[in-house]
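Participant: attaching a predicted model along with its sequence, questions to come.
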Amino acid sequence: MDVSKFVSLGRKIIGVGRNYKAHAAEMGYSHPTDPVLFLKPTSSYVTQGNPIIYPKLCSNLHHEVELGIVIGRKGKNIPIHDALSFIGGYVLAIDMTARDLQSAAKTKGNPWSIAKGMDTFCPVSPVLSVAVIPEPQNTAIWLKVNDKLVQNGCTKDMIFPIPDIISYVSARFTLEEHDVILTGTPEGVGPVEIGQKITAGIGDTFEMGFEVVEEK
Ligand SMILES: CC(=O)CC(=O)C(=O)O
Ligand SMILES: [Mg+2]
């Protein structure tokens, strides 16, 4: 096996948590002083036409709709003023979270990897070109559960704006082409149930849908 091939292929999923004041408040968190980062494995990706699997190990699965940044080229210690030039596109993503496992992990001081990283915990759209989202810092993102609108946010409400996030992350992890940064969720997160249909969108520009199914 040629290790150099997969070592050089950047495909990290980096999550930013608590990046919207109203969501931090609904979760009982204070305003973070620095971005809160976590990683999801790429095995959590799922694309339209495939279901979100409700794991047997979870009893409280939550939706979190988010704008994802797709990195266009490699960068380390990217200055804020140059950060937008590292964006190759965007995705709409749902940061599925096993809230029960996350709460237990927090209580024990353990990482969120399992709560955020199980199979199909990162439903994503195809990559949308930068032209499709001309104002990434002023873009509506929404999510419906069975046609009921439960999240209806705008990226202007981020605590840490997109250039700051890219700069902050790149000071810690080298960013590579095709890495994805999930920029945090607005308020309205909540549970999904087996059999429900989750629809998420970017304003009236784009929408995607996923069914939630039981793990076999
Ligand atoms: C509490 C969380 O799960 C943080 C998170 O992912 C967010 O988007 O905020
Ligand atoms: Mg999230």
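Facilitator: Structure's in. What do you need? No experiment lies behind these values; they were computed from the predicted model shown. Numbering: from 1, shown residues only. Ligands and ions are numbered 1, 2, ... in the order given.
Participant: so what's the residue of the chain found nearest ligand 1 bridging to?
Facilitator: Closest residue of the chain to ligand 1, Cβ to the nearest ligand atom: Gly17 (3.1 Å). The C-beta positions use only the backbone N, C-alpha and C, and glycine is treated the same way. Counting by DSSP bridges, Gly17 is bridged to Val36.
Participant: and it, what does it touch?
Facilitator: Applying Cβ atoms under 8 Å, 6 or more residues apart in numbering, we find Gly17 in contact with Pro32, Pro35, Val36, Leu37, Phe38, Gly184.
Participant: contacting residues for the third one?
Facilitator: Listed by Cβ under 8 Å, 6+ apart, the contact set of Val36 reads Val16, Gly17, Arg18, Asn19.
Participant: of those residues, closest to ligand 2?
Facilitator: Closest approach between these and ligand 2, by Cβ to the ion: Gly17, at 5.7 Å.
Participant: Tyr29: which element?
Facilitator: Under DSSP states H and E, no helix or strand contains Tyr29.
Participant: ok, Leu92 next?
Facilitator: Using DSSP H and E, Leu92 maps to strand 87-94.
Participant: whatever helix or strand comes next after that strand and ligand 1 in contact?
Facilitator: On the C-terminal side of strand 87-94, the nearest following helix or strand under DSSP H and E is strand 97-98. Yes. Counting by Cβ under 6 Å from any ligand atom, ligand 1 has neighbours in strand 97-98: Thr97.
Participant: please save the CA atoms from stretch 34-50 in CSV.
Facilitator: The C-alpha trace of stretch 34-50 is given here as CSV (Å, rounded to 0.1, in the frame of the first residue of the first chain):
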residue,chain,number,x,y,z
ASP,A,34,-12.1,30.9,21.4
PRO,A,35,-13.7,28.6,18.8
VAL,A,36,-14.5,25.2,20.2
LEU,A,37,-13.1,22.5,17.7
PHE,A,38,-13.8,18.9,17.2
LEU,A,39,-13.2,16.3,14.4
LYS,A,40,-15.6,14.0,12.7
PRO,A,41,-14.3,11.0,10.6
THR,A,42,-15.0,11.0,6.9
SER,A,43,-16.9,7.8,7.4
SER,A,44,-19.6,9.9,8.8
TYR,A,45,-20.4,11.5,5.4
VAL,A,46,-23.7,10.6,3.8
THR,A,47,-25.0,12.1,0.6
GLN,A,48,-28.6,12.6,-0.7
GLY,A,49,-30.3,9.4,-1.7
ASN,A,50,-28.9,7.6,1.3
